[in-house]
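**Student:** the amino acid sequence is not available; the structure is as follows:
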């Protein structure tokens, strides 16, 4: 089988497994499946509970329920939040754009800055300023992102009053949004930057001692030329895959940062759903996040095969 | 620094020569390049190691080190002072004592998860690298799939239903974190299975299990240690994050739980910084110690490989 076929099967299997897991969790785990599907704070009379049970097909055999589940997924129906009185898919699409606004621009700037700074740090390892920089990013790398956000929020918003304490609202002007978004976006950038920095630094350290770098040096190329024309390109390759695998982690980091800054994105949606045990929202969010992570991986695979001529899909 | 350049160029040449001539049995080792650049390797490693040991001792001798019982109640919201070095929380518990006892919970979760991840990852990697073929395809396919699952959101969903004890959180993390270990172990096992001594043993009719356990496993142990350390780090960060959402074990005071209480019970809004800052600092320092040890081990290992 071709490489592309194998990869495709893996992606499809991953999505299939996650979706099936989502089906199984509320039905298999202890507790009444109806409560598990609707959420804990929904109080129903005996009659309406029975009615809902019938309507949701909980009295039917599992095979039927499973097929029904897939059918509703195909219709993009992720269930109904009784807590918020809205369909889950609508809730998520409302919130997702704010999360993406918070996550994607810092992801891009963080990756670019992180790879360049990391490459320089790996190249000039013994230089003093690089060591200080590495120590700084290592410390950020080791701190849970929400903790750093808490400290920064306390210092800059609470004590100094330079930034708003709480979230941002879709009614505001662009200036207003930027003002609200600045601190959380900065935290996200630092968070992605530190991760890419550490990976790239290690990658360049490895590539640096390879023969082609020594040859380039023997040809008399300048240091910067060797780094950016030769070493950087080779060191960058593993980064692309790692970046995609990291995407899920970074997205989770964004969720936590949102909670700390009380922004109305996916993170707060999940947090509120957790507090009220609003299971449909939790499950829907998990499914959507998985789909995003899997697509990021697919994108990385495609990009990789374009950048590295040794990897070609038949 | 002309001689440094010449040095590394020379070591590159050795690497190529070595690869051709050496079948993993040579004891000759070229003077090895220090990974963190001379002194720093020692420095970074020893900072990590001493921090790590300090935390281990803290967990082992909590009752001796803690000034008070962590459940003993004093006046609430006391600022750090000589009586209460790190202040007290809303219940009047002494924060320093809570932190010292909390190290037991946090460290056990980290170690438990990392141990489980390493065991699963090693088993999967060994089998798929040694047997190759269909088994390899299946196991690596499973690894790829597990790699793509967003772990923290999955744990959040499961924990929301299960209201877990902290052991369950550790097991869940262990069951999700094994993938990178499995990949590294597999690539090592693929190399080692072609070595002369493994072939010799196979031709003598030793069982596969025997070869895996007594020849391949000992030869990959050096890549397991840094992986184990880095798994502890990610397990600790994940535990802290999950506890922060209030999904941890409320009866166990882990460091993450302490931050969660501070955040959800108004410690943040009222500016009681000592309540959440110190647990956070402990998490960061412990993760830092583990990551430093892991990186130094990893880079040492890579430096050895280049010159072997």
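**Tutor:** Structure's in. What do you need? What you see is a predicted model; the values in this text were computed from it and never measured.
**Student:** quick one: contacts for residue 146?
**Tutor:** Defaulting to chain A. Contacts for residue A:146 were tallied using CB atoms under 8 Å, 6 or more residues apart in numbering or on different chains; they are A:253, A:256-257, A:259-260, B:241, B:244. C-beta coordinates here come from the backbone N, C-alpha and C atoms, glycine included.
**Student:** that's the wrong chain, I wanted chain B
**Tutor:** B:176, B:178-179.
**Student:** in three-state terms, label the nearest residue to residue A:145 once chain neighbours are set aside for me.
**Tutor:** What sits nearest to residue A:145 in space, not counting adjacent residues and going by CB to CB, 6 or more residues apart in numbering or on different chains, is residue A:253, at 4.3 Å. Put simply, residue A:253 is helix when judged by DSSP: H, G, I helix; E, B strand; the rest coil.
**Student:** confidence score at residue A:253?
**Tutor:** pLDDT for residue A:253: 87.
**Student:** what's the answer for residue B:94, then?
**Tutor:** Here, the pLDDT recorded for residue B:94 equals 84.
**Student:** same check on residue A:176?
**Tutor:** We have a pLDDT of 78 for residue A:176.
**Student:** next, count neighbours for it.
**Tutor:** Residue A:176 has 13 neighbouring residues, counting by other CB atoms under 10 Å in any protein chain shown.
**Student:** also residue B:217?
**Tutor:** Residue B:217 has 16 nearby residues by other CB under 10 Å.
**Student:** helix or strand: which one has it?
**Tutor:** Take DSSP states H and E as the rule and residue B:217 turns out to sit in helix B:217-244.
**Student:** skipping adjacent residues, who's closest to residue A:246 in space?
**Tutor:** Closest to residue A:246 by CB to CB, 6+ apart is residue A:195, at 6.1 Å.
**Student:** that neighbour contacts residue A:114, correct?
**Tutor:** Yes - using CB atoms under 8 Å, residue A:195 is in contact with residue A:114, at 7.0 Å.
**Student:** circling back: between the contacts of residue B:146, which has the most around it?
**Tutor:** residue B:178 leads the contacts of residue B:146 on contacts (other CB under 10 Å) with 26 neighbours.
**Student:** from the contacts of residue B:146, which is closest to residue B:222?
**Tutor:** For the contacts of residue B:146, the closest approach to residue B:222 (CB to CB) belongs to residue B:178, at 18.4 Å.
**Student:** if I look at the closest one, how far off is chain A?
**Tutor:** Remark: distance between residue B:178 and chain A (CB to the nearest CB, to the nearest Å) = 14 Å.
**Student:** if I look at that residue, how far off is residue B:139?
**Tutor:** According to CB to CB, to the nearest Å, residue B:178 and residue B:139 sit 11 Å apart.
**Student:** overlap in contacts of those two?
**Tutor:** Jointly contacting residue B:178 and residue B:139 under the rule CB under 8 Å, 6+ apart are residue B:124.
**Student:** what's the burial count for residue B:88?
**Tutor:** Neighbours of residue B:88 (other CB under 10 Å): 27.
**Student:** helix or strand next in line after the helix or strand the residue nearest to residue A:246 falls within, which one?
**Tutor:** Here residue A:195, judged by DSSP H and E, is contained in helix A:174-208. Once the chain leaves helix A:174-208, the next helix or strand it forms, by DSSP H and E, is helix A:211-218.
**Student:** how far out from the middle of the chain is that next one?
**Tutor:** Counting by CA atoms, centre = their mean, to the nearest Å, helix A:211-218 is centred 38 Å from the centre of its parent chain.
**Student:** so which elements touch the helix holding residue B:217?
**Tutor:** With contacts taken as 3 or more CB pairs under 8 Å, 6 or more residues apart in numbering or on different chains; DSSP states H and E, helix B:217-244 sits against helix A:145-152, helix A:232-260, helix B:95-131, helix B:151-162, helix B:166-176, helix B:179-192, helix B:255-264, helix B:273-307.
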